[in-house]
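# What follows is a predicted structure for the sequence shown.
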Amino acid sequence: MPDAPLLEIAEIETSYGLSRVLFGVSLSVAPGEMVSLMGRNGMGKTTTVRSIMGLTRSSAGSIRFRGREIRDLPAYRIAQLGVGLVPEGRQVFPNLTARENLLATAANRSGSADPWTLEKVFALFPRLASRAGAMANLLSGGEQQMLAIGRALMTNPRLLILDEATEGLAPLVREEIWRCLELLRRTGQSILVIDKNVEALTRVADRHCIIERGRVVWEGTSQALAGAPDIQHRYLGI
């Protein structure tokens, strides 16, 4: 890989109390790259995300962002460095309007010359523009997911992390989310995405990591994963 990794995770171990969940997980995301993290439920995907974001502290290993060790930093500092999270379950602010949700997080953390604005988010998700004044708890699940992505983009992150970006959404909305991610990738946004849709991920992502019982058991390109039905069946239940 010609570029130094934007995010580099090396041999992290993370536990909840006495229960170990991650056993030496390593992965990386280069600038402008989209990487997926896949695996069955309960295998450690969300714990990996929580470890990166400082929400659940790893007890061993290294998490480096732009060359800086961030494993021991609090979550708000990691966000300030330019890591944007679209959390599982969306977690929008229910008592704020869609517009207020977007403005609540606005910051140019990447120092972009052409940062994300309300207008740009509304152009990406026209449905949000028409619902800008609606309270977030009155939006549909798909609209809330678009809002959660827009809210993360309004921080102008160097790295965007999406945890279960299309879970529980209608097929047409899922396609709209994938279209959005493909567009973001083409514009050079670095992305780590957790999802179960192998067909969509092999279409839009550069590389893939599969996690099984807290360990990375396979890594490779979209072409390699698409051509490995045995790997898909063994680790993803396909």
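Yes, it's here.

# D114: how many residues sit nearby?
Neighbour count of D114, defined by other C-beta atoms under 10 Å: 9. C-beta here means a position set from N, CA and C on the backbone, and glycine is covered the same way.

# quick one: it and V216, what's the gap?
Using C-beta to C-beta, to the nearest Å, D114 is found at 35 Å from V216.

# Would you map the strands across this protein?
7-16, 19-29, 34-38, 60-65, 68-69, 83-86, 159-163, 190-194, 207-212, 215-221 (DSSP state E).

# who does the fifth one pair up with?
Read that as strand 68-69. Note on strand 68-69: by DSSP bridges, its sheet partners are strand 60-65 (antiparallel).

# And the longest helix along the chain, what's buried?
Longest helix in the chain, counting residues (DSSP state H): helix 171-186. Using 16 or more other C-beta atoms under 10 Å as the test for burial, helix 171-186 gives 173-174, 176-178, 180-181, 184-185.

# Alpha carbons of it, as CSV, please.
Taking C-alpha atoms only, helix 171-186 is exported to CSV below (Å, rounded to 0.1, in the frame of the first residue of the first chain):
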residue,chain,number,x,y,z
PRO,A,171,-34.5,-2.2,0.1
LEU,A,172,-34.9,1.1,-1.7
VAL,A,173,-33.4,3.0,1.2
ARG,A,174,-30.6,0.5,1.5
GLU,A,175,-29.7,1.2,-2.1
GLU,A,176,-29.8,4.9,-1.5
ILE,A,177,-27.3,4.5,1.4
TRP,A,178,-25.0,2.4,-0.8
ARG,A,179,-25.2,5.0,-3.6
CYS,A,180,-24.2,7.6,-1.0
LEU,A,181,-21.2,5.6,0.2
GLU,A,182,-20.1,4.9,-3.4
LEU,A,183,-20.2,8.7,-4.1
LEU,A,184,-18.3,9.4,-0.9
ARG,A,185,-15.6,6.9,-1.8
ARG,A,186,-15.2,8.5,-5.3
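
# That one: how far from the chain's middle?
Counting by C-alpha atoms, centre = their mean, to the nearest Å, helix 171-186 is centred 13 Å from the centre of its parent chain.

# Would you reformat the strands of the chain as a markdown table and include mean neighbour count?
Formatted as a markdown table, these follow (neighbours: other C-beta atoms under 10 Å):
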| stretch | mean neighbour count |
| --- | --- |
| strand 7-16 | 18 |
| strand 19-29 | 18 |
| strand 34-38 | 24 |
| strand 60-65 | 18 |
| strand 68-69 | 10 |
| strand 83-86 | 26 |
| strand 159-163 | 24 |
| strand 190-194 | 25 |
| strand 207-212 | 22 |
| strand 215-221 | 16 |
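
# between the buried residues of helix 171-186, which is closest to G84?
G84 lies nearest to L184 out of the buried residues of helix 171-186, by C-beta to C-beta, at 11.1 Å.

# residues contacting the closest one?
153, 160, 191 (C-beta atoms under 8 Å, 6 or more residues apart in numbering).

# And the second one, how close does it get to E176?
From L160 over to E176 the distance is 17 Å, taken as C-beta to C-beta.

# do the same with the first one
L153 is 15 Å from E176, where distance means C-beta to C-beta.

# Flag the shaky bits of the chain, pLDDT-wise.
Applying pLDDT under 70 to the chain flags residues 1-3, 238.

# now with 80?
Counting by pLDDT under 80, the chain contains low-confidence residues at 1-3, 90, 238.

# I am finished for the moment; much appreciated.
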